[in-house]
Each structure stands twice: as structure tokens, then as C-alpha cells.
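In: Give me the fold of what follows.
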Amino acid sequence: VDCSGERTGEEVGPGMIEAVTAMLGLVLLYCFLLGAATGLRSMSGPALVCWGVHLGWLTVAGSPLAFLANPVVLGVFSLMAAGELVADKLPKIPNRIDIGPLLARIVLGGMCGWVLAWSGHVPVMAGIVCAVAGAVAGAFSGFHLRRTITGRGVKGWPVALFEDVIAVGGGLLLISRHLS
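Out: Residues are numbered from 1 along each chain as shown. A predicted model of the protein is given here:
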């Protein structure tokens, strides 16, 4: 049986069901983890998703997010991500768990989950929910971990740079390994 419910002539056995279930779980885990990266750095997830689409690792063809394939959108999100990496080190930046920055992380994380779910052929709403949960978890855990570490005398710069590596490096690893 294919996605439309039509018989394909292949027998669906327990091994196939287990493989499909494992793939579903893996894609949803990727959605959560990319959401967590977006919770750390709000623009990293969208920029990485655009790069994944640009490089052919992800697909948005036929989805409402097809605009992410536009090179101009890739450039805008890339510039915004680079700007955020710099701006995050400035003292006047609001906390990521303040309502405005947190809502941005939720929306952008959900968008990233949508793309991964669409590209991985799993229910889009499940991908969005997992990514939103990851964005909230990433924002709060990153905030409290950074506060705890800097409260113990470690300067903010090294901690912020470590967060950059986790968000960008981890997100790139997820995007490049996404199973579409």
C-alpha cells in the first residue's frame, strides 16, 4: 500500500513496518534537535535549512515553504544568521527566553521542523510539534546553562562561542545527514 492507500503489489510485513517506524522516529528526532539548535540561535536553523535546500539535501518542492529555495531568501537568512552570531555577544541583546525572542524561536523552529518533515515524508504537524518543543527546550536550557556557567566566573565569550558551535555545527550535521 502506498501513501494514497492504493495497493502496490508488495506485501507489507513486520520488517517493513519496523523500518518505517524507525525512519519516522529518526526524522522526528532530527526535527526536535534542529528546533533545539534554533532555540540556541534563532536564525541558524532557517539559514541551514535554506542551505540544505540549495545543496539538494532537503526538498521544499510543492510545499508552502517552497520560497526557501529562492537564492535571495538563502542570502537573507544567511546574513541574519551571521549577524545574530555577532549580536549575541553584545550586552544589550534581550534574553532568548523573553517573550519576543522566544516566540521567534518557536515560529522559526516550527518552520524548520516543517521542512524536515516534508522532506522526510512524515506528517508535517508532527515535525512542527517536535521542532517547537526542541526550540523551547533549546532556548531555556541554553539560557540557564549559560547563566550557570558565567555565574561561576567563566567569561561569556567562550560560552557564547561554544553555543555557536553547537547550534551551527550540530544543525549542519543534522541537515547534511537528513534522510529524505
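
In: going forward, measure contacts and count neighbours with C-alpha atoms only.
Out: Fine.

In: Secondary structure element for the residue nearest the centre of the chain, which one?
Out: Closest residue to the average C-alpha location of the chain: Leu34 at 2.7 Å, with CA atoms, centre = their mean. Using DSSP states H and E, Leu34 sits within helix 14-40.

In: Helix, strand, or coil at Asn95?
Out: The three-state label given to Asn95 by DSSP: H, G, I helix; E, B strand; the rest coil is coil.

In: give the contact list for it.
Out: By CA atoms under 8 Å, 6 or more residues apart in numbering, the contact list for Asn95 reads 101, 143.

In: Quick one: residues contacting the residue nearest to the centre of the chain.
Out: Counting by CA under 8 Å, 6+ apart, Leu34 has contacts 45, 109, 112-113, 131, 134-135, 170-171, 174.

In: by contact count, what packs against the one helix or strand Gly83 maps to?
Out: Element membership for Gly83, per DSSP H and E: helix 71-87. Judged by 3 or more CA pairs under 8 Å, 6 or more residues apart in numbering; DSSP states H and E, the packing partners of helix 71-87 are helix 44-54.

In: How about residues contacting the helix it packs on?
Out: Contacts for helix 44-54 (CA under 8 Å, 6+ apart): 34-35, 37-38, 58-60, 68-69, 71, 73-74, 77-78, 81, 108-109, 111-112, 115, 167-168, 171-172, 175-176.

In: Next, the angle from it to helix 71-87.
Out: Per axes from the mean of the first three to the mean of the last three CA atoms, to 10 degrees, the angle that helix 44-54 makes with helix 71-87 is 150 degrees.

In: Tell me where the chain is predicted with low confidence.
Out: 1-13, 178-180 (pLDDT under 70).

In: In which helix or strand does His175 reside?
Out: Just to correct that, residue 175 is Ile rather than His. For Ile175, the enclosing helix or strand under DSSP H and E is helix 170-177.

In: cool, and Met125?
Out: Per DSSP H and E: helix 124-151 holds Met125.

In: pull the CA atoms of whatever helix or strand comes next after that helix into CSV?
Out: Using DSSP H and E, the helix or strand that follows helix 124-151 in sequence is helix 156-164. Coordinates of each C-alpha in helix 156-164 appear next as CSV, following Å, rounded to 0.1, in the frame of the first residue of the first chain:
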residue,chain,number,x,y,z
GLY,A,156,30.5,35.0,28.5
TRP,A,157,32.5,34.9,25.2
PRO,A,158,33.7,31.3,25.4
VAL,A,159,30.3,30.1,26.4
ALA,A,160,28.6,32.0,23.6
LEU,A,161,31.2,30.7,21.1
PHE,A,162,30.5,27.1,22.3
GLU,A,163,26.8,27.7,21.8
ASP,A,164,27.5,28.9,18.3
